Structure formats: structure tokens, C-alpha cells
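Student: Sequence and predicted structure below; questions after.
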Amino acid sequence: MKISHPRHRTARLAGVLTAATLLLGGMVAAPVLATPPTTTTTPFTTPNTDNCPQKTKPPAPIDSSEVPAPGQSTPAPLPVPVPPVGGTRMGECGVVLPKGAPPAPKDISATAWMVSDLDTGEVLAAKDPHGRYRPASTIKVLLATVALRTLKLDTVVTGTQEDANVDGTRVGIGPGGQYTNRQLMQALIMASGNDAAHAIAAQLGGDEATVARMNQLAKSLYAFDTRAATPSGLDGPGMSTSAYDLSLLFREAMTLPLFAEFIHTEQIEFPGYPKNPKIPEDTDHPGFFVGNDNQLLFNYDGALGGKTGFTDDARQTFVAAAERNGRRLAVTLLQAEVRPVRPWEQAARLLDYGFALPRGTEVGTLPNHADRAAPTAALATPPGPEGGDVLASPPHEREYPGPRTLLMVGGIVLILFLLLKARRVNRQRR
């Protein structure tokens with residue numbers, strides 16, 4: 001049976017209420033206000049990042065979510081790679097556009113953003129690409145990549161009270177409920193369930209081990225601005241990513257057919273769970289439908305899906321992709337607000353901008369598979385002391401082996417090998 005998406009049902013209900021109001025307009029008197037209300041609206045301005053305010057770390061937190069646990073200290077900022085990963089222009093902090101390109105879209109409240117090509121890795125346009133911000137639930141893209149490469153989807157997991165008690169957005173896992181890993185992954189990606197993240201992390205060795213695996217994978221992908229602090233994206237000490245890194249992580253996830261399938265799924269049936277025998281008045285909890293919370297999927301032509309996020313410190317975060325005329329583009333937003341338009345609408349404007357640029361346009365690149373360490377190395381062995389926090393060294397600038405450097409070194413080694421071989425041949429001839 002086809003069940004409409006909750007957002008669609010809400011829209012229809014709003015239409016019914018509006019019609020009812022019009023019909024009753026002649027019967028119900030409008031209230032009289034003695035004094036007209038006064039409102040002040042602060043004009044919207046896109047945050048300025050020209051002076052690189054977040055070069056080393058995200059903005060200061062506004063709550064206590066990043067206070068370290070007793071006996072622990074806040075991790076030091078991540079080192080800043082030199083040269084910038086992705087090319088020279090990726091080191092710029094303001095709006096980065098191709099030469100001769102039209103101005104970037106207006107009404108973008110995201111402090112940092114990026115538009116890139118999923119297939120070629122070309123970065124089409126960006127704003128503060130390597131500026132460091134908090135990912136919120138978009139970090140579940142990284143968790144999903146680790147889990148989909150590690151867990152068997154047909155394994156059945158029993159829900160726990162610990163799953164049900166997690167903070168933040170929950171899909172509705174209950175103690176005693178029976179869930180396949182496929183259903184947990186769908187709940188994680190479609191509905192951003194922190195309870196699903198907890199159930200998945202438990203199978204990967206717990207939160208700490210899971211975070212270490214996520215960070216090890218990020219490092220192997222050259223996502224050097226990224227440090228997960230929690231599996232779900234809830235803020236924690238040292239949490240960090242960038243628009244560049246989020247684009248890179250999303251591109252990696254999109255190489256997994258199941259991830260691409262799940263972010264494009266509109267709705268699924270999700271299991272319920274039994275009543276609690278310790279609570280006399282409790283009853284069985286029936287199954288229910290879970291809808292995808294990404295509005296771009298329902299409102300943008302060619303949308304492939306994506307991931308939403310929000311915390312008080314991270315603000316609105318978003319990553320998604322769309323396809324048009326055989327071209328697949330991704331867009332990321334960090335530290336956005338719901339004004340002047342919703343994040344998915346800001347993403348739509350940036351995607352339109354990207355699709356309007358000629359093919360081959362670029363201001364930078366995302367590392368290709370041949371240019372970097374194999375990502376599966378982060379999954380083949382348990383993370384050691386190095387795996388989690390190579391990451392937590394004092395802030396300094398460091399070199400990283402970019403594609404050209406690797407090619408140059410390889411070429412030098414080949415030339416030396418050929419020279420030595422020729423020398424041996426000459427000796428034999430003598």
C-alpha cells in the first residue's frame with residue numbers, strides 16, 4: 001500500500017484548513033487589535049569568511065556539548081595541510097568561482113559551501129572550502145560508509161533501552177524490537193536516527209571504536225579537516241569537518257550502491273517492539289512508516305538524495321546530489337540558517353548554478369581513488385593508537401603527498417631503475 005510522505009499529508013491538511021477558514025470567513029469576526037504589533041527584521045547578509053576565521057577550528061560552541069568528560073582534555077586543532085588538498089584555490093577562504101563565471105547565487109546563508117562533480121571530482125565553485133565547521137548529522141555519511149563495508153545487512157539486531165535513550169533525533173527503536181542491519185541503515189540515512197547510529201556503533205565495537213574507525217577512514221581519504229567525536233554527529237570535543245571534506249566523504253559514500261539506494265528511498269516500513277512487562281499499562285508498539293527527511297528529494301528535478309543535519313552549535317548542515325543530462329553534481333552546506341530560504345532550497349540554487357557552468361569548469365579537484373591511500377585499509381584492521389588521533393597533534397602546517405608529488409616521486413624512481421639497468425648491461429657487454 002502506498003502511503004504518502006508526511007510532508008505531503010501536512011501540505012494537504014494545510015490546504016483543507018485554509019479552505020475551511022475561507023468558508024467560515026463570513027461567520028467568524030476578526031479580532032480587533034488595540035495596538036498594531038511592531039516587528040523589526042534584521043537584513044540578511046551572507047557571512048563573510050574572507051579573513052579565514054575558521055582556518056584551524058570551528059566557531060566557539062554556544063553550549064556545553066563540547067565540554068570534555070572528567071579527566072579528559074579538548075583535542076588540539078587538526079594540522080592544516082600545505083599545499084591545500086585539492087589545489088591552490090582551495091586555500092582561499094571567500095567565494096571561489098571560475099574565471100569569468102557569473103556571481104554566486106544570492107540568498108545563501110551557509111557560511112561554507114561547495115559544488116562538485118561526483119564523477120570527475122572537479123570542484124565547480126565553493127565558499128571557504130577548507131574552513132572548519134561542525135558536521136552535525138551529515139557525519140552519518142562517514143558512519144554509513146564504514147558500516148556498509150563492515151556489517152552484514154541481513155543480520156538481525158535486538159533493540160536495547162540504551163538505543164532508545166540516546167539524545168537527539170530518534171527513529172523509534174524500542175527495547176526488544178527486532179531489526180535487520182538494512183533497516184537500521186535506512187533509519188540512519190533516511191531519518192537521521194541517532195538510536196540507529198547507536199545500534200550500528202554497538203556492532204562495530206562501541207562508540208569509541210566506531211569513532212576511531214570513522215577518523216581512520218577520513219584520514220585515508222585525505223579528509224584532513226575532519227574529526228568525528230560521536231558516531232551520530234552530536235557535538236563533542238574536537239568535532240570538525242569542512243565543505244571540501246564533506247564533499248569528499250559524500251562522493252566516497254556514493255560509490256556504494258546501497259548508500260545511493262537508501263538516500264533515494266522515500267519511505268519504508270519500520271518494525272515495532274513489544275510491550276515492557278515491567279510497566280503494567282504498556283502495550284505492544286506496532287510498526288510504522290518512516291519517511292525520508294530530505295526535502296530536496298521531493299522538490300528538485302533529478303535529485304538523487306542526500307543527508308540533513310542540525311545541532312545548536314553546528315546550525316543547519318546539508319549534503320546532497322542531483323543528476324541532469326548525465327551530469328551528477330553534489331552540494332554541501334555548513335553552518336547555514338533556515339533564512340532567507342530553507343537549506344534544501346539554498347542547495348537547489350547552488351545546484352542550478354553548477355549545472356549552468358560549462359563541463360570541465362573547475363577551481364579545484366577532489367582526490368581520485370588512484371591518488372590516495374586505499375579507503376578499505378581503515379576497515380581491514382582495528383584502529384590503533386595512531387588511527388584515532390594522529391589527528392590530535394598541535395596546530396601546524398604540514399605537507400601532504402598530492403597527486404603530482406606522487407607522480408614525480410614515481411617518475412624519479414623509474415628513471416633511476418632504468419639507469420642502473422643500463423649500467424649493468426654495459427658492464428656485461430664489456
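Tutor: Yep, that arrived.

Student: centroid residue for this protein?
Tutor: Thr138 (2.8 Å; Cα atoms, centre = their mean).

Student: Can you tell me the SS state at the residue nearest to it when sequence neighbours are not counted?
Tutor: Using Cβ to Cβ, 6 or more residues apart in numbering and skipping residues adjacent in sequence, the residue nearest Thr138 is Gly309, 4.3 Å away. In short, each C-beta sits where N, CA and C put it, glycine included. Assigned state for Gly309: strand (three-state reduction, DSSP: H, G, I helix; E, B strand; the rest coil).

Student: Gly309 reaches Phe318, doesn't it?
Tutor: Yes. Here Gly309 reaches Phe318: they are 6.9 Å apart, a contact under Cβ atoms under 8 Å.

Student: so what sits against both of the two?
Tutor: Thr138 (Cβ atoms under 8 Å, 6 or more residues apart in numbering).

Student: So which helix or strand of this structure has the lowest pLDDT on average?
Tutor: helix 385-389 (a mean of 37; mean pLDDT, DSSP states H and E).

Student: How about residues contacting the helix or strand hosting Glu345?
Tutor: Glu345 is part of helix 343-356, with elements assigned from DSSP states H and E. Residues outside helix 343-356 that contact it (Cβ under 8 Å, 6+ apart): 102, 104-105, 107-110, 113, 115, 124-125, 294-296, 299-300, 306, 308, 316-318, 320, 322, 324-325, 327, 329, 331, 333, 336, 341.

Student: mean confidence for the following helix or strand past that helix?
Tutor: Next helix or strand after helix 343-356 toward the C-terminus (DSSP H and E): strand 364-365. For strand 364-365, the mean per-residue pLDDT is 98.

Student: which helices and strands sit right next to strand 364-365?
Tutor: Packing contacts for strand 364-365, counted by 3 or more Cβ pairs under 8 Å, 6 or more residues apart in numbering; DSSP states H and E, involve strand 122-127.

Student: Name the surrounding residues that touch the strand it packs on.
Tutor: The contact list for strand 122-127 (Cβ under 8 Å, 6+ apart) reads 49, 86-87, 90, 94-98, 101, 104, 108, 110-117, 129, 243-244, 247, 329, 350, 353-354, 357, 360-366.

Student: Please identify the buried residues of stretch 146-165?
Tutor: Buried residues in stretch 146-165, defined by neighbour count with 16 or more other Cβ atoms under 10 Å: Val146, Ala147, Leu148, Thr150, Leu151, Val157, Gly159, Thr160, Asp163, Ala164.

Student: repeat for stretch 60-78
Tutor: Residues Pro61, Ser65, Glu66, Pro75, Ala76, Pro77, Leu78 are the ones in stretch 60-78 that count as buried (16+ other Cβ under 10 Å).

Student: Now render those as CSV, adding pLDDT.
Tutor: Output for those, formatted as CSV (pLDDT from 0 to 100):
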residue, pLDDT
Pro61, 95
Ser65, 89
Glu66, 92
Pro75, 94
Ala76, 95
Pro77, 96
Leu78, 97
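
Student: Would you reformat the residues you listed as CSV and include distance to Gln178?
Tutor: Formatted as CSV, these follow (distance: Cβ to Cβ, whole Å):
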residue, distance to Gln178
Pro61, 38
Ser65, 32
Glu66, 36
Pro75, 38
Ala76, 43
Pro77, 43
Leu78, 40
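
Student: for these, which one is nearest Ala212?
Tutor: For these, the minimum distance to Ala212 (Cβ to Cβ) is 12.8 Å, reached by Pro75.

Student: which one is that closest one nearest to, not counting chain neighbours?
Tutor: In space, Pro75 is closest to Gly238, 3.5 Å off (Cβ to Cβ, 6+ apart).

Student: For the stretch 1-150 of the chain, which segments count as helices?
Tutor: When secondary structure is read from DSSP state H, counting those that start in this stretch, the stretch 1-150 of the chain shows helices at 6-23, 140-148.

Student: Likewise for the stretch 201-350 of the chain?
Tutor: Using DSSP H, counting those that start in this stretch, the helices of the stretch 201-350 of the chain run over 207-220, 243-253, 257-263, 296-299, 343-356.

Student: Can you tell me which of the buried residues of stretch 146-165 is nearest Ala196?
Tutor: Proximity of the buried residues of stretch 146-165 to Ala196 (Cβ to Cβ) peaks at Asp163, which lies at 7.9 Å.
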